[in-house]
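*Asks:* Sequence and predicted structure below; questions after.
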Amino acid sequence: MSGADEAPGGASPAGDGAPPPQPAAGGQAKGPVRGPAKGSPPRTGPVRVQPAKGQAGKGQPGKGQPGKGQQGGGASPPTGPVAAQAPRTGPVAARPAREAAPVPAAAPVPEPVAEPVSVPAEPAPAAAPQPEAAAPSPVPASAAPAPAPEPASGRQRLLASLAPRATRAQLLAGLLCLLLGLALAVQVRSNDEEDLSSLRQADLVGLLDDASDRSERLEREIADLERTREELLSSGDQRAAARDLAQERVDALGVLAGTAAATGPGVRLVVSGPGVDDLVLLSAVQELRDAGAEAIQVDDVRVVAETAFVDGPDGVVEVDGEPLEGPYTFLAIGDPQTLASAMDFPGGVAPTVRLRGGTASVDQLDEVQVTALRAPSEPQYAQPVAPSPDPTSP
Amino acid sequence: MIAALGLLLGIVLGLLLDPTVPPWLQPYLPIAVVAALDAVFGGLRALLDGLFDERVFVVSFLSNVVVAGLIVFLGDQLGVGNQLSTGVVVVLGIRIFSNVAAIRRHVFRA
């Protein structure tokens, strides 16, 4: 497990190439590994550790050989840790040396003790606890005051490091971490915003192309839709006008064709008597039409273009197949005055009827209701000719 | 301690102030952040190993950031900025993982 973990870590960063062998090879490997790490920061630990190492014997040559520490230079913190197992023992001694300067005399004593103990323990990643275990023994032995707390595990070191020491380097590190936190937060924030400004030029050009393509397409669409809208509006007007016109014509034609009831000023003509026959009725209709009657009905029969008056037996007159008997009542819509005079002029309908011994009366009315209807009939033979191109000129 | 406080303070400041990143810095900021994270984890690991040294930390932090930025800059100039950025992130990510593995061993003994 630990080996697997370490392998990638060591393999990829060239500087840490050494670590993988380290856990496996134990003491000997540790030396070189640690070398690169120490190579860069020799100012701190190694210098002081050197005497200790010299006693340990193993560490020293290792340190010396791997002068190839160049790789480790930049990555010193990571590398160092990879070499952890080895340093762990070293610093254990080094730390006390650093902090309890007067103690170094005592330090060397525990150190050799700790080192050999830790070396065999090296392969196991759990080397940390072991030095710990080893540490207590030297402590009582040497009775060194400082080393006792220091050789602790990483955890304890972590806790110990929490104590703020306001050295310049610490402050600098804090400042850097502050910058890192700032950058982190800003980056996360700006990433949330999906800011275009974080994109590269090529991406921006692509986005711009996309956007202009799309806007072009949309503009074309807009133009199309606007044209369609105008067409619809104008044609809508035309259609409405045509519909109105058509409705007017339907109404007018309905009155003419007898399919619609009509009302308006007009006259009522009542004729009766022995001399009233189909000819009299026909001439009455002719006179009324001549005088401008717009809708006419006889009794309950609407008079239209194809209305026919046929003499029937026993003084019955068939109007459009409907047998009617006198008195015949004509209702006609038109100018009452004109219609009335058209009935009364000499030689007209009323004098003729009276001549024949019948009676005829004409009443001018303000409102005449022509309510008799005639079912529209489909022409059987007549076909409509193509409508005239101009609907407004019927 | 100071470093941890600084980190927290920086995050809070960044969230509160929400400063705008100058355009020239924008391509490099993510990489720089990852590189700095690598340095921070490396430092933490060194701390647990008892190897921590502030000067080393500062230098490695700065050099990590500068090198990462340089690589990305170079990649941009060569027209492979995206690929190089990915490469840098992968490498740094692996390093962070290995460092975290070591830290984990210290902290959890496992």
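*Replies:* Ah, there it is.
*Asks:* what ranges do the helices span in chain B?
*Replies:* For chain B, applying DSSP state H gives helices covering B:2-17, B:29-49, B:54-78, B:81-108.
*Asks:* Spatially central residue for chain B, please.
*Replies:* When CA atoms, centre = their mean is applied to chain B, the residue found nearest the centroid is B:Ala36 (1.8 Å).
*Asks:* who's in contact with A:Val319?
*Replies:* A:Val319 sits next to A:Leu281, A:Val298, A:Asp299, A:Val301, A:Val303, A:Thr307, A:Ala308, A:Phe309, A:Val310 when contact means CB atoms under 8 Å, 6 or more residues apart in numbering or on different chains. For the C-beta atoms, the positions are set from N, CA and C on the backbone; glycine is no exception.
*Asks:* Let me have the helices of chain B in CSV, extended by distance to A:Leu175 and mean pLDDT.
*Replies:* Compiled in CSV, those are given as follows (distance: least, CB to CB, whole Å; pLDDT from 0 to 100):
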stretch, distance to A:Leu175, mean pLDDT
helix B:2-17, 6, 81
helix B:29-49, 12, 88
helix B:54-78, 9, 88
helix B:81-108, 21, 89
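*Asks:* Out of the ones you listed, flag the one nearest A:Glu378.
*Replies:* Counting by CB to CB, A:Glu378 lies closest to helix B:81-108 out of these; the figure is 79.8 Å.
*Asks:* tell me the domain boundaries of chain A?
*Replies:* Structural domains of chain A, as assigned by automatic domain parsing, span the residue ranges A:2-161, A:164-192, A:202-257, A:261-370.
*Asks:* and A:Val316, what is it in contact with?
*Replies:* Listed by CB under 8 Å, 6+ apart, the contact set of A:Val316 reads A:Pro323, A:Leu324, A:Glu325.
*Asks:* where's the first one, which helix or strand?
*Replies:* A:Pro323 is located in strand A:322-324, with elements delineated by DSSP states H and E.
*Asks:* So what are the sheet partners of that strand and their directions?
*Replies:* When pairing is defined by DSSP bridges, strand A:322-324 lines up against strand A:317-319 (antiparallel).
*Asks:* The spatially closest residue to B:Ile2 that is not a sequence neighbour - how many residues pack around it?
*Replies:* Taking CB to CB, 6 or more residues apart in numbering or on different chains as the measure, B:Ile2 lies nearest to A:Gly174, with 3.6 Å between them; neighbours along the chain are not counted. The local packing count at A:Gly174 equals 22, with neighbours defined by other CB atoms under 10 Å in any protein chain shown.
*Asks:* Surely A:Gly174 is in a helix?
*Replies:* Yes - using DSSP: H, G, I helix; E, B strand; the rest coil, the assignment for A:Gly174 is a helix.
*Asks:* Can you verify my assumption that it contacts B:Gly10?
*Replies:* No - using CB atoms under 8 Å as the test, A:Gly174 is too far from B:Gly10 to be in contact (9.5 Å).
*Asks:* Run through chain A and note the low-pLDDT ranges.
*Replies:* Under the criterion pLDDT under 70, the flagged ranges of chain A are A:1-155, A:157-166, A:191-199, A:388-394.
*Asks:* Recalculate using a threshold of 90.
*Replies:* Residues of chain A that meet the criterion pLDDT under 90 lie in A:1-207, A:228-262, A:269, A:271-294, A:298-328, A:336-365, A:368-394.
*Asks:* any idea which helix is longest in it?
*Replies:* If each helix of chain A is counted by residues according to DSSP H, the longest one is helix A:201-257.
*Asks:* going on from that helix, what's the next piece of helix or strand?
*Replies:* Along the chain past helix A:201-257, the next helix or strand (assigned with DSSP H and E) turns out to be strand A:262-272.
*Asks:* any idea of the angle the helix or strand that that next one is followed by forms with strand A:262-272?
*Replies:* Following the chain from strand A:262-272 toward its C-terminal end, the next helix or strand by DSSP H and E is helix A:278-290. Here helix A:278-290 runs at an angle of 150 degrees relative to strand A:262-272 (axes from the mean of the first three to the mean of the last three CA atoms, to 10 degrees).
*Asks:* List the contacts of helix A:278-290.
*Replies:* So helix A:278-290 is in contact with A:269, A:271, A:296, A:298, A:303, A:307, A:309-311, A:317, A:319, A:328, A:330, A:332, A:334, A:339, A:342-343, A:348-349, A:352-353, A:356, going by CB under 8 Å, 6+ apart.
*Asks:* Strand partners (parallel or antiparallel) of the helix or strand just after that helix?
*Replies:* Toward the C-terminus, helix A:278-290 is succeeded by strand A:295-298 as the next helix or strand (DSSP H and E). Sheet pairing for strand A:295-298, assigned by DSSP bridges, gives strand A:301-303 (antiparallel), strand A:328-333 (antiparallel).
*Asks:* between those, which gets nearest to A:Asp237?
*Replies:* Taking CB to CB, strand A:328-333 is the member of those nearest to A:Asp237, at 33.7 Å.
*Asks:* What is the subsequent helix or strand relative to that closest one?
*Replies:* Following strand A:328-333 in sequence order, the next helix or strand is helix A:336-344 (DSSP H and E).
*Asks:* Same question for that following helix: list its buried residues.
*Replies:* Neighbour-count burial for helix A:336-344 flags A:Pro336, A:Leu339, A:Ala340, A:Ala342, A:Met343 (criterion: 16 or more other CB atoms under 10 Å in any protein chain shown).
*Asks:* Mark which of the contacts of helix A:278-290 are buried, thanks.
*Replies:* By the neighbour-count criterion of 16+ other CB under 10 Å, the contacts of helix A:278-290 include these buried positions: A:269, A:271, A:296, A:298, A:303, A:307, A:309, A:317, A:319, A:328, A:330, A:332, A:334, A:339, A:342-343, A:348-349, A:352-353.
*Asks:* Let's verify A:Glu306: helix, strand, or coil?
*Replies:* Secondary structure state of A:Glu306, per three-state DSSP, is coil.
*Asks:* Smallest gap between chain B and chain A, at which residue?
*Replies:* For chain B, the residue positioned closest to chain A under CB to the nearest CB is B:Ser98, at a distance of 2.1 Å.
*Asks:* That residue and B:Ser60: what is the separation?
*Replies:* Going from B:Ser98 to B:Ser60 by CB to CB, to the nearest Å gives 15 Å.
*Asks:* can you check B:Leu17 too?
*Replies:* Counting by CB to CB, the gap from B:Leu17 to B:Ser60 is 28 Å.
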